[in-house]
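1. below are the sequence and a predicted model; questions follow.
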Amino acid sequence: MVRRLVLVQHLLLVVLVVVGVARALATGTAPLPLLIASAALLLWYAVGARAASVRLREPGPRSSGRTDGGLRAGGWWLLGLVACWLVATAVSPDLVWVAFSVWLLAGHLLPLRGAVVLGLLVLVVVVARGGHAEGWSTAAVVGPSVGALFALALSRGLQALVRDNAERRRLIASLVAAQEEAEELHAELAQAQREAGVLAERTRLSRDIHDTLAQGFSSILLLARAGTATDDPVGQRRLLDQIGASAADHLDEARRVVGALAPAPLESGLTDAVRRIAGRFEDETGVEAQVRVDGDVGGLPPPLEVALLRTAQTALANVRQHASAHRVVLTLAEAGDSVRLDVVDDGRGFVPEEAGARRETPSRGGYGLRAARERLRELGGDLEVESGPGRGTAVSAHVPRGTGRAPRGSW
């Protein structure tokens, strides 16, 4: 739109010059001086037209003809144009109406005060030249005055339009940049969420593989070693049956781990699940396993039941491998707003500080209690271990009842 207005302004000046020259020739003005003055006016305008049109498109201070240092190039160019116009009007009064274009340019290239001063000077020339050529009248004064006022007002309005258009372009560019930045941030957030999801899934698989496959293999290995240590056919047959049952159970658990399903023992509730794994532990190891229930421990959300069951499995696996115990007691108890699981054995015990100082990795063992503690803490609970040489071991886990939302990877 701004370019169209500039083009209209160029065409207006050319039309005014052409019409003035035609009228001057028709009234008998000498052709040579007239054509020279008109050509000089058009040439000077053409030299500065490109610079003036650029200033029409620029926002802010660049649209003004004056800075603290004085007139800018556009202002000096306008003064040169006025000089060319004065020469042309001296040759023929018919070129006086080119002043309308001068007023338009003054309103845009000069600050308001300078535009008014130059506009008044040009108006004086127009009125004086017109009155001298056609005689003095009210119309000879009012007409040019209205034209000057209209031209100045139009140019100032155009300047405001140019400034608003530039500001709109700046805002659009800012919005586009903000949108691109938001898209980049969204992509980074999506990537972070994908990485967090992968890490959570790895954590889930690591914990569940330890709690199912690793403990199952450990159980099968101990049963196989017991079978090779006895020559009793009946005992060997019983151990083989236990190995087969354990392998089948843990094969089912492996499938559930892959499918992120709840453990099979929990299909009948936490208490029955704990009794079931305790009974299997007693059958396979010969260690007396007793389950006690104190208060209402039913109706827990599945993530809490899974966490407590995995903790019980891990504690029993440690009793099997390290404790050399004769008896283990598993207690499920209601403790205010929490549910507590205690696993206490009468084995040889250990020094927790020394065990905690060792580097725990899945390949070297010792990973189970750390994974159980992390799982419980994700649900707002915790795990504590108390032990000492010759004093047995007590593993105590608790979770708040109100935790009903499963963190990703908890199963």
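-> Arrived safely.
2. poorly predicted segments of the stretch 151-300 of the chain, please.
-> 201, 204-205, 207-215, 250, 253, 255-267 (pLDDT under 70).
3. L199 versus the spatially most central residue of the chain, what's the distance?
-> For the chain, the residue lying nearest the average C-alpha position, counting by CA atoms, centre = their mean, turns out to be L185 (3.0 Å). When distance is defined by CB to CB, to the nearest Å, L185 is 21 Å away from L199. C-beta coordinates here come from the backbone N, C-alpha and C atoms, glycine included.
4. quick check: next helix or strand after the host helix or strand of the residue nearest to the centre of the chain?
-> Taking DSSP states H and E as the definition, L185 sits inside helix 138-209. Note on helix 138-209: by DSSP H and E, the next helix or strand toward the C-terminus is helix 215-228.
5. output the contacting helices and strands for the next helix-or-strand element following that following helix.
-> Once helix 215-228 ends, the next helix or strand along the chain (criterion: DSSP H and E) is helix 233-258. Using 3 or more CB pairs under 8 Å, 6 or more residues apart in numbering; DSSP states H and E as the contact criterion, the neighbours of helix 233-258 among helices and strands are helix 138-209, helix 215-228, helix 270-285.
6. between helix 233-258 and helix 215-228, how big is the angle?
-> Interaxial angle of helix 233-258 relative to helix 215-228 (axes from the mean of the first three to the mean of the last three CA atoms, to 10 degrees): 170 degrees.
7. now find how far off-centre helix 233-258 is within its chain.
-> Average the C-alpha atoms of helix 233-258, do the same for its chain, and the two points are 51 Å apart (CA atoms, centre = their mean, to the nearest Å).
8. ditto for stretch 109-119
-> 50 Å.
9. buried residues in it?
-> Along stretch 109-119, the positions that meet the burial threshold by neighbour count (16 or more other CB atoms under 10 Å) are L109, L110, G114, A115, L118, G119.
10. what average pLDDT does that stretch get?
-> Here stretch 109-119 scores 84 as its mean pLDDT.
11. got the CA coordinates for it in CSV?
-> Only the C-alpha atoms of stretch 109-119 are listed here, as CSV (Å, rounded to 0.1, in the frame of the first residue of the first chain):
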residue,chain,number,x,y,z
LEU,A,109,10.4,14.8,4.9
LEU,A,110,10.5,17.6,7.5
PRO,A,111,9.4,17.7,11.1
LEU,A,112,6.0,19.4,11.6
ARG,A,113,7.4,22.8,12.4
GLY,A,114,9.8,22.9,9.4
ALA,A,115,7.0,21.6,7.2
VAL,A,116,4.7,24.4,8.3
VAL,A,117,7.3,27.1,7.7
LEU,A,118,8.3,25.8,4.3
GLY,A,119,4.6,25.3,3.4
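12. and S396, which of the three is it?
-> The local conformation at S396, judged by DSSP: H, G, I helix; E, B strand; the rest coil, is strand.
13. ends of stretch 286-301, what's the gap?
-> End-to-end distance for stretch 286-301, by CA to CA, to the nearest Å: 33 Å.
14. for it, which positions count as buried?
-> Residues of stretch 286-301 classed as buried: V287, A289, V291, V293, V297, L300, P301 (neighbour count, 16+ other CB under 10 Å).
15. ok, of the residues you listed, which one's closest to F100?
-> Proximity of the buried residues of stretch 286-301 to F100, judged by CB to CB, is greatest for P301, which lies at 84.5 Å.
16. quick check: phi and psi on the closest one?
-> Backbone dihedrals for P301, given as degrees, to the nearest 10, come out at phi -60, psi 150.
17. now do it against G227, distance only.
-> Distance, P301 to G227, by CB to CB: 41 Å.
18. skip the chain neighbours and tell me the closest residue to A151.
-> Closest residue in space to A151, ignoring its immediate chain neighbours: W103 at 3.5 Å, by CB to CB, 6 or more residues apart in numbering.
19. and the one you found, how many neighbours?
-> 25 (other CB atoms under 10 Å).
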